[in-house]
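Enquirer: model this:
(one chain, ligands or ions: 3)
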Amino acid sequence: MNPKNILEVRDLVVKFKLSEGIVHAVNGVSYDVPEGKSIGIVGESGCGKTVSSYALNRLLPPYATLSGQILFRQQDGNIIDIAKLKPEGREIRAIRGRDIAMIFQEPMTSLSPVHTICNQISEALILFQGMTKKQARNRTIELLKLVGIPQAERRVDEYPFQFSGGMRQRAMIAMALARNPRVLIADEPTTALDVTLQAQVLSLIQDLQNRFNLSMILITHALGVVAHMVETVNIMYLGRIVETGPTMEIFEEPLHPYTQGLLQSIPKLTGRLGERVSSIPGSVPSAYDIPKGCPFEARCKHRMEICREEMPKPVTVGSEHTVYCHLYTGREAARDAANA
Ligand SMILES: Nc1ncnc2c1ncn2[C@@H]1O[C@H](COP(=O)(O)OP(=O)(O)OP(=O)(O)O)[C@@H](O)[C@H]1O
Ligand code: SF4
Ligand SMILES: [Mg+2]
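Expert: Ligands and ions are numbered 1, 2, ... in the order given. The predicted structure is shown next:
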């Protein structure tokens, strides 16, 4: 494992065995998360963004199968392969509770409606950080202030339904921070909010990421959202990464026809921040039957005969910019020949 990385995902495959057939949700995804840095995972609905990141915490249903490696550098420097842990064992529960925290799209999936905000956030502090009830309450109030909840001393005793949508999202961020995590996975953390709140919550997440030197995986369907927030972007399509590279390079020179389509999509004037009208005709095909060639073939205006038959191999075009598309096959060889 590269010493600068906190996580290395290698050849991750996740399938769901259903009575209707097998859903190939994630089909061999590899990427790195450098310590203290943030990466983005971008793609349309159904591309496998959520499933591939839930796998990091082994939050998959029992009918899912998982293979590949999820190497995680623990606080003491030991490297553990999360993919090999028992899904409900002690080790993964400790990682979920302490090391890898998640912020979800819809706060009510992680906030309990029947417990006060104080009880819910305190729980992690008492359980994982050994605080007393009083200490945990004080820390909860501090955390609520940190994420910008007004009158935190009073509101700490309220229930989630008494909070507005934006406040619930902030409370969920506070809950994630209470674990003192080393990795934060933010899965479409703002799509349920209106435009102004989205911008505020994103800038709060970015500020906290910097301040606590968190390693972050930011998941979104809108490329615009990651532009100023992450250093590396992975573009996902049908359970695969089709292009990866430094964010600015991806914006300046998008190579994969899918990435180009995502960038050309037009921002909606009346929609939510980052919501765009797709300029890519068609939609993501079903994950039941995945094509043997390029996953994007059915929708690609540049498709060639080879695209249907052969999966494109990775072509590295910059030091860290890689694309999986037959249009660029040979480009590497040509460059190497020119440099020889
Ligand atoms: N629990 C599940 N059981 C069966 N299939 C699932 C399950 N969860 C996800 N899938 C399927 O796996 C594929 C990937 O889904 P995933 O939720 O990761 O997409 P996504 O990129 O996060 O999309 P969105 O932007 O809509 O959140 C989809 O085809 C989806 O239908
Ligand atoms: S490999 Fe072929 S079908 Fe796939 S994106 Fe490239 S040109 Fe299009
Ligand atoms: Mg999702």
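Enquirer: quick check: which element contains the nearest residue to residue 197 once chain neighbours are set aside?
Expert: Spatial nearest neighbour of residue 197, excluding adjacent residues (Cβ to Cβ, 6 or more residues apart in numbering): residue 166 at 4.2 Å. C-beta: built from backbone N, CA, C; applies to glycine. Using DSSP states H and E, the element containing residue 166 is helix 165-178.
Enquirer: run through who's touching that helix.
Expert: 101-104, 107-108, 110-111, 117, 120-121, 124-125, 139-140, 143-144, 146-149, 155, 160, 163, 184, 189-190, 192-193, 197, 200-201, 204-205, 208, 212 (Cβ atoms under 8 Å, 6 or more residues apart in numbering).
Enquirer: rerun that using 6 Å as the cut-off
Expert: 101, 103, 107, 110, 117, 121, 124-125, 143-144, 147-149, 160, 193, 197, 201 (Cβ atoms under 6 Å, 6 or more residues apart in numbering).
Enquirer: cool, and stretch 295-309?
Expert: 237-238, 240, 257-258, 280, 282, 293-294, 326-327.
Enquirer: so does it get close to ligand 1?
Expert: No - remark: stretch 295-309 sits outside contact range of ligand 1, by Cβ under 6 Å from any ligand atom, the gap being at least 12.2 Å.
Enquirer: dump that stretch to PDB, restricted to CA.
Expert: Output in PDB follows, covering the C-alpha atoms of stretch 295-309 (Å, rounded to 0.1, in the frame of the first residue of the first chain):
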ATOM      1  CA  PRO A 295     -20.300  -0.100 -21.000                       C
ATOM      2  CA  PHE A 296     -21.200   3.200 -22.600                       C
ATOM      3  CA  GLU A 297     -21.400   1.800 -26.200                       C
ATOM      4  CA  ALA A 298     -25.200   1.900 -26.400                       C
ATOM      5  CA  ARG A 299     -25.200   5.700 -25.900                       C
ATOM      6  CA  CYS A 300     -21.900   6.800 -27.400                       C
ATOM      7  CA  LYS A 301     -21.900   8.800 -30.600                       C
ATOM      8  CA  HIS A 302     -18.300   7.800 -31.300                       C
ATOM      9  CA  ARG A 303     -18.800   4.100 -31.000                       C
ATOM     10  CA  MET A 304     -16.900   1.800 -33.300                       C
ATOM     11  CA  GLU A 305     -17.100  -1.900 -34.100                       C
ATOM     12  CA  ILE A 306     -14.500  -2.800 -31.500                       C
ATOM     13  CA  CYS A 307     -16.400  -1.000 -28.800                       C
ATOM     14  CA  ARG A 308     -19.200  -3.600 -28.700                       C
ATOM     15  CA  GLU A 309     -16.700  -6.500 -28.600                       C
END
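Enquirer: so which bits of that stretch are buried?
Expert: Residues of stretch 295-309 classed as buried by neighbour count (16 or more other Cβ atoms under 10 Å): 295-300, 303, 307.
Enquirer: next: stretch 139-155.
Expert: By neighbour count on 16+ other Cβ under 10 Å, the buried set for stretch 139-155 is 139-141, 143-144, 146-147, 149, 152, 155.
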